[in-house]
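# Just to be clear, the model below is a prediction. Sequence and coordinates:
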Amino acid sequence: MNALNPRRRVIFGGLMVLSLAAAFGGIQWIKQAQAAPVKADAAAVPVQMTRVSRQDLPIWINAIGNVQALNSVNVRVRVDGELQKVLFNEGQTVTAGSLLAVIDPRVYQTQVTQAQALVAKDQAQLANLKVNLDRASKLAAAKAGPTQDVDTYRAQLAAQQAMLQADQAALDAARLQLEFTQVKAPLTGRTGQRLLDVGAIAHGAEATGLVTITQMNPISVAFAVSQDELADILEENAKGALQVIAMTRDGLQEIARGRLSFIDSQVTAASGQIQLKAEFDNTAAKLWPGELVSTRLLVQTHKDVVVVPADAVQLGRKGNFVYVVDADQRVQPRVVDAGTVVDGKQWIRQGLAAGETVVVQGQSRVAPGLKVASVKTDTTADLAEAGQ
């Protein structure tokens, strides 16, 4: 037993040394942990932010329109004959009443001359009957002639007056036919392709005609909108003709501004749309009949309303919301009542006030309470790169 005591003392001493070393190390670790600085907050998430503003918000209805001429006339000859002259060029702008072509007038001039001769003959006979009636009336009054002669002359005079009227009507008709040998423009517009050549025999019964004249100014654009918009359009149009803008087909460039001029009397049952027309001044000839354009109908303008970029509004379980940035640059979601989107701006009926700051891009990388930092970027891809 005594032989083992030294050995036990050695083991016991070793254990004591190890215990003291462990205790000393623990004390040093606690001191170092206490002396270590508190870990800083995570880095701010880069996002694009903007301030909520107030402005006038115009409410537009977009549609595809078709340019239509107010008047387009197929000019036809009205008498038969040889086409002697053509006095216009294809694509020329002509004024109402201007001479376009001449049909050989000789046959019709002869008919006028004949009718004039008949009228002159009737007038001479009528004058003679008046003299005879006057003489017979005087003789009958003096008991020097029969009263039967008076009655006869009166009947002949009435018949001759009727004959004169008929021949005068024939003369007017002949003159009208002669006038038709001069083909005149019925309206001011642009001529199309010429359909008859000089020397051709024109016929009044032909449907082909000489040329088509299309009125270019003013001009109209026809387009259709949903029947759901009709009530607002009728209400606002009653206050004054609504403004319509004609744009290029891609909707990037304005062509002309006009006014709503026509609302159809019924909705198209198959499409649920209502046909509208707007009239435009086309002095510069920027709108062409048959052309497809984009149209924007200004229904009304909301004055001084709260707006944010449309990208700021997100859709969640409780509806539309935005991330609002507080004074500490931390974000909190807020439910909003979102209205119409116009040109990238969304009307906020309730939930935001002018001057507040909201996140526009980068919402997928934030959560309530996280700190954010503003970066100047236009794309979400740039935001992701900024965070790397």
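Perfect, thanks for sending it. Keep in mind the model is a prediction, meaning the values are calculated, not measured.
# mind checking how far the lengthiest helix in the chain is from the chain centre?
Of all the segments of type helix in the chain, defined by DSSP state H, the longest one is helix 106-141. Relative to the chain's own centre, helix 106-141 is displaced by 65 Å; criterion: C-alpha atoms, centre = their mean, to the nearest Å.
# Strands of the stretch 1-150 of the chain, start to end?
Using DSSP state E, counting those that start in this stretch, the strands of the stretch 1-150 of the chain run over residues 45-51, 53-69, 72-75, 81-86, 93-94, 99-103.
# Which among those is found nearest to residue 229?
strand 53-69 (5.6 Å; C-beta to C-beta). In short, each C-beta sits where N, CA and C put it, glycine included.
# hang on, the earlier thing: may I see the buried residues of the longest helix of the chain?
108, 111-112, 115-116, 118-119, 122, 125-126, 129, 132-133, 136-137, 140 (16 or more other C-beta atoms under 10 Å).
# same question, stretch 338-357
338-339, 342, 345-348, 351-352, 356-357.
# wait, residue 136 sits on residue 148?
No: contact criterion C-beta atoms under 8 Å: residue 136 and residue 148 do not qualify, at 9.0 Å.
# returning to that earlier point: now, the most widely separated pair of the buried residues of stretch 338-357?
342 and 357 (21.7 Å).
# Skipping its backbone neighbours, what lies nearest residue 57 in space?
Leaving aside its chain neighbours, residue 57 sits nearest to residue 302 (4.5 Å; criterion: C-beta to C-beta, 6 or more residues apart in numbering).
# ah, wrong one, I meant residue 376
Going by C-beta to C-beta, 6+ apart, residue 376 has residue 48 as its nearest residue, at 7.6 Å.
# How many residues are close by that neighbour?
23 (other C-beta atoms under 10 Å).
# what do you get for residue 155?
12.
# do residue 270 as well
Neighbours of residue 270 (other C-beta under 10 Å): 6.
# what's the answer for residue 298, then?
Count around residue 298 with other C-beta under 10 Å applied: 16.
# ok, for it, nearest residue in space, not its chain neighbours?
residue 243 (4.4 Å).
# Over to residue 320?
residue 338 (4.3 Å).
# Strands along the stretch 151-300 of the chain, start to end?
Under DSSP E, counting those that start in this stretch, the stretch 151-300 of the chain gives strands at 182-184, 189-191, 201-202, 211-214, 219-226, 243-247, 254-263, 273-280, 292-309.
# quick one: residue 368 from residue 338, how far?
According to C-beta to C-beta, to the nearest Å, residue 368 stands 20 Å off from residue 338.
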